[in-house]
Each structure stands twice: as C-alpha cells, then as structure tokens.
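Peer 1: A predicted structure for the sequence below; I have some questions about it.
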Amino acid sequence: MAGSRPEDELWAPIHRTKICMFSFRQRFRSARIALTVAASAALSIALNGHAEANKTCISKATEALPHLAGLVIKKSRTRPVPAAILASWKGQSQPIMIDLDVVAAGEAQTFSYMCVVTRRSAFVQRTMN
C-alpha cells in the first residue's frame, strides 16, 4: 500500500474481520426480527379467525334463542365440545359450544348450542346440558 503506515497494514485483516462479523451479525439480527414479525402476524391472523368464528357462533346462537317476552342475555361464552362428541365427529370444521346465560320472567337459565362455522356461515343446534 503506497503511502500507508506499517501499522495500518498490520491491522487491515482485523478491521476486515470486524466488518464481516458486524455484517453477519446485522444480517442475522435482521433475519431474526423478520422471522419474529412473520410468526406474530401468522398467530394474530389465526387468533383473529378464531375470534371471528366465536362472534359468528354467538350471534347465530342468540338468534336461535326462544322468543320470550323480557328475555335478557346476561353472559355468553364459548367452550370446547366434549370429547364424546368429537370422537364421532366427521365434519371438516371443529365445532364449539356456546353457552348463553339468560334471564326470563325473573328466572335464570343457560341455553347451550353446538356451533360449526363453514365459509363464514354458522350452523347452531341446541343441546341439553
């Protein structure tokens, strides 16, 4: 190297190694961040799809309630279908249970429905607890 100092020539390989290591670390960090963002997005989409199915089922189950004067829905919740039903289930979509706690004529009741969502349509059927 013309006009360079001897110590610059001595340290040149170390500087290049540091640059290469920094570049590798930076690329690895960027790839890790990209992978984390992609995994978070996929999980968010899956959870939103599940939440949307729950909302659709609760809405359909609410429509299927008996038409009683003064009926008030106090609480709604979802839960997994019992294993005995899943053992013989042959559908493509996995069903969920919807429980609606209501008060009618001063009496508290719980109505339970089994719900299946297919292509944004929900089908509900009342079940006995």
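Peer 2: Perfect, thanks for sending it. This is a predicted model, so every value here is computed, not measured.

Peer 1: Longest strand in this protein, please.
Peer 2: The strand that spans the most residues within the chain, counting by DSSP state E, is strand 107-118.

Peer 1: Can you name the element that comes right after that strand?
Peer 2: strand 121-127 (DSSP states H and E).

Peer 1: other SSEs contacting that following strand?
Peer 2: Other elements packing on strand 121-127 under the criterion 3 or more CB pairs under 8 Å, 6 or more residues apart in numbering; DSSP states H and E are helix 6-64, strand 107-118. Just so you know, the C-beta spots here come from the backbone N, C-alpha and C atoms, and that holds for glycine as well.

Peer 1: And it, what's buried?
Peer 2: Of the residues in strand 121-127, A122, V124 count as buried by neighbour count, 16 or more other CB atoms under 10 Å.

Peer 1: same question for the longest strand of the chain, mean pLDDT?
Peer 2: Over the span of strand 107-118, the pLDDT mean works out to 91.

Peer 1: That strand versus strand 121-127: what angle between them?
Peer 2: 140 degrees (axes from the mean of the first three to the mean of the last three CA atoms, to 10 degrees).

Peer 1: quick revisit: which of the helices and strands packed on strand 121-127 has the lowest average pLDDT?
Peer 2: Across those, the lowest-scoring stretch is helix 6-64, with a mean of 63.

Peer 1: Any buried residues in the following helix or strand past that one, and which?
Peer 2: With elements assigned by DSSP H and E, the helix or strand that comes after helix 6-64 is strand 72-80. Of the residues in strand 72-80, those buried under the neighbour-count criterion (16+ other CB under 10 Å) are S76, T78.

Peer 1: Right, I'll leave it there.
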